[in-house]
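1. structure of the sequence below:
(one chain, ligands or ions: 3)
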Amino acid sequence: MSSSSTTASSSSNRVVIFDTTLRDGEQCPGATMTFEDKLSTAVMLDDMGVDIIEAGFPIASEGDFEAVSEIARQTKRATVAGLARAIEADIARAGAAVRHAKRPRIHTFVSTSPIHLAHQMRKSEDEVLDIISRTVTQARGLVDDVEWSAMDATRTPIDYLCRCVEAAIRAGATTINLPDTVGYALPDEYRAMFSQVRERVPQADKAIFSVHCHNDLGLAVANSLAGLEGGARQIECTINGIGERAGNAALEEVVMAIKTRGDGLPYATGIDSTWLTRASKQVSAVTAFPVQYNKAIVGRNAFAHESGIHQDGMLKNASTYEIMTPESVGVSKTSLVMGKHSGRHAFKEKLRELGYELGDNALQDAFKRFKDLADRKKHVYDEDLVSLVDEEMVHAHDHIKLVALTVIAGTMAQSATLTLDVEGVHHTRQGTGNGPVDAIFGTIRSIVPHEADLDLFQIHAVTGGTDAQAEVSVRLKHENRSVTARGTDPDTLVACARAYVAALNKLSGRQKAVAAVAG
Ligand SMILES: CC(=O)SCCNC(=O)CCNC(=O)[C@H](O)C(C)(C)COP(=O)(O)OP(=O)(O)OC[C@H]1O[C@@H](n2cnc3c(N)ncnc32)[C@H](O)[C@@H]1OP(=O)(O)O
Ligand SMILES: CC(C)C(=O)C(=O)O
Ligand SMILES: [Mn+2]
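-> Ligands and ions are numbered 1, 2, ... in the order given. This is a model prediction of the structure:
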């Protein structure tokens, strides 16, 4: 795979894919990822052919700095970028985090719109121009590959935007990103902004122009593609479209639009599209953000046909109702039916069909849980396996584990007796509550005291039937940090306990904050 800065220019049709799942994606409330989640996601992004991985915002926290540094060390092909405000300390920190990468990039940004200059930055236009020159020069002193972004570009008067872009290019920026930070632009406006800036700024052809679109009006993908028509050749996007507020342009949608509509969109990316389903599942698993059923490309229904006329057409010829094949996004026609008599080979093959490739240990653990499930449940559906493997992938490094749970529920009393394994030591407690779920959560809290509040609690069935697995989502909030986690089990109350414990693991992350287990 060739690096972005060497191949993309507005005269080439190669579009650079800049993935910001680990930075802008992680900015959506509750989507916090652990260090291990970030590393495994970065490895996957590298394998699938992403050109640039924005690994985080190194000044934001020690954890983000460590994650960006480790991703920089481990990434084999992609450029690794760290985000920095137009502040000396941010740029130094980003430079230190990415310096071990084969291809390091510093991505620095500053606001340019009158609204942001007046209310957020409280600086004049000239002061910001000066800041751009200083900070881009500083970044170029640290790395050769510097991206500069005009925050809120789409609400910036074009004359001033051109002066800012000119200052950034003169100071050495190699990529110029003009984001639709607030998701306000219409496709034609966004295209025109790129055309005008590229036409008016001297030496604009020295830089690659980049789109970065938010989905507040549901236009993020349409705007990103319109930006290409205006001469941009880098698209900033995220898996499943996660990101600040309504999210960013979805990587899978951008990639498949380009691949499927080569006639109208004469561009190419370096992404191997057969990874898209797996990538979507991995990001959904590590963030615990469900993918909506009708989500384009990767939703559960994206290739499902229910109505008679459509099914009839599909049986005669798939092109009647499918504009791309499921195989092209990594969904194979599933054929194996799994049950309690299935063996490891079939299990492994089935997971491959569903888009998962597990290491030996994870496969063994998942197989054991599958057998347990098959003993308890009449039909093991694909959705059951997906939930089971998602859990396995996410919880391999947990330091708090649910060992046993007994619950008394009903009209007379509600209590929970619970055993947790905390860093290898078993703790058992009994507690009561206002209902069985309250009793379980209270008992967990008494074993592992913590300050976080329960911010969200949701239950839904993974499949139909009264023996369906329950999937429970729990969001915990502590100060300004919130994490979401999922737990599944045929027993709804066990799923509740699993979800709460998973959220606690995520919240304490690597800090082993559970050292304070109640004696
Ligand atoms: C559009 C985007 O997605 S921008 C990226 C947003 N992402 C994040 O904010 C996530 C990570 N952020 C953080 O961890 C924190 O906000 C930090 C560490 C970066 C900064 O924390 P704090 O120093 O406590 O500042 P706080 O977040 O309250 O305020 C932001 C400050 O940065 C300034 N600022 C914002 N953007 C920029 C910029 N691009 N360049 C320079 N200064 C900026 C604001 O004006 C404000 O400065 P002030 O304190 O002088 O008023
Ligand atoms: C930091 C910048 C690129 C951003 O995320 C935005 O403007 O939306
Ligand atoms: Mn953004």
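
2. quick one, what contacts Arg73?
-> With contacts defined as C-beta atoms under 8 Å, 6 or more residues apart in numbering, the neighbours of Arg73 are His100, Ala101. From N, CA and C alone the C-beta is placed, and that goes for glycine too.

3. that one: which element?
-> In this assignment (DSSP states H and E), Arg73 forms part of helix 62-74.

4. any residue of that helix up close to ligand 1?
-> No. Helix 62-74 is not in contact with ligand 1 by C-beta under 6 Å from any ligand atom; minimum separation 7.8 Å.

5. cool, stretch 33-45 as well?
-> No. Stretch 33-45 lies out of reach of ligand 1 by C-beta under 6 Å from any ligand atom, never closer than 13.5 Å.

6. could you number the chain from 24 rather than 1 from now on?
-> I'll keep to 24 as the first residue from here, and by that count the last item is stretch 56-68.

7. chain center to that stretch: distance?
-> Relative to the chain's own centre, stretch 56-68 is displaced by 9 Å; criterion: C-alpha atoms, centre = their mean, to the nearest Å.

8. mind listing the strands for the stretch 324-473 of the chain?
-> 423-431, 438-445, 448-455 (DSSP state E, counting those that start in this stretch).

9. any idea how far Val133 is from the nearest residue to Ser410 once chain neighbours are set aside?
-> Once flanking residues are discounted, Ser410 sits nearest to Thr511: 4.1 Å by C-beta to C-beta, 6 or more residues apart in numbering. From Thr511 across to Val133, the span is 44 Å (C-beta to C-beta, to the nearest Å).

10. is it true that the residue nearest to Ser410 lies in a helix?
-> No. Thr511: not assigned to a helix; according to DSSP: H, G, I helix; E, B strand; the rest coil it is strand.

11. for it, list the residues it contacts.
-> For Thr511, the contact set (C-beta under 8 Å, 6+ apart) comprises Ser410, Leu411, Asp413, Glu414, Val485, Gln492, Ala493, Glu494, Val495, Ala518, Arg521.

12. between those, which is closest to ligand 2?
-> Asp413 (27.6 Å; C-beta to the nearest ligand atom).

13. ok, which residues in the chain are in contact with ligand 2?
-> Asp47, Phe132, Ser172, Met174, Asn200, Pro202, Thr204, His235, His237.

14. if we use 5 Å, what do you get?
-> Applying C-beta under 5 Å from any ligand atom, we find that the chain lies next to ligand 2 at Asp47, Phe132, Ser172, Met174, Pro202, Thr204, His235.

15. between those residues, which has the most around it?
-> Highest neighbour count within those: His235, with 29 neighbours (other C-beta atoms under 10 Å).

16. quick one, what contacts the closest residue to Leu106 other than its chain neighbours?
-> Closest residue to Leu106 apart from its sequence neighbours, by C-beta to C-beta, 6+ apart: Phe80 at 4.3 Å. By C-beta under 8 Å, 6+ apart, the contact list for Phe80 reads Arg46, Asp87, Gly105, Leu106, Ala107.

17. same question for Glu189.
-> Val224, Pro225, Gln226.

18. how close does it sit to ligand 1?
-> Counting by C-beta to the nearest ligand atom, to the nearest Å, the gap from Glu189 to ligand 1 is 19 Å.

19. I figured Leu396 hits Tyr404, correct?
-> No. Using C-beta atoms under 8 Å, Leu396 is not in contact with Tyr404; the gap is 10.5 Å.

20. which of those two has more neighbours?
-> More neighbours surround Leu396 than the other of Leu396 and Tyr404, with 20 against 17 (other C-beta under 10 Å).

21. distance from the helix or strand that the helix holding Arg96 is followed by to the middle of the chain?
-> Next along the chain after helix 85-97, taking DSSP H and E as the criterion, comes strand 102-108. From the chain centre to the centre of strand 102-108 is a distance of 16 Å (C-alpha atoms, centre = their mean).

22. residues in contact with Tyr344?
-> His328, His333, Gly336, Met337 are the contacts of Tyr344 under C-beta under 8 Å, 6+ apart.

23. any idea which element Lys125 lies in?
-> Short version, using DSSP H and E: Lys125 is in no helix or strand.

24. state the distance from it to Ala95.
-> For Lys125 relative to Ala95 (C-beta to C-beta), the value is 9 Å.

25. neighbour count winner among those two?
-> Neighbour totals were compared for Lys125 and Ala95, and Ala95 leads with 26 against 13 (other C-beta under 10 Å).

26. isn't that one up against Ala124?
-> Yes. The pair Ala95 / Ala124 is scored as a contact, 3.7 Å apart, by C-beta under 8 Å.

27. tell me where the stretch 124-273 of the chain has helices.
-> 137-139, 148-165, 181-193, 210-223, 243-252 (DSSP state H, counting those that start in this stretch).

28. number of nearby residues for Asn340?
-> 9.

29. where's it relative to ligand 2, distance?
-> From Asn340 to ligand 2 the distance is 43 Å (C-beta to the nearest ligand atom).

30. again with Ala141
-> Taking C-beta to the nearest ligand atom, one finds Ala141 at 17 Å from ligand 2.
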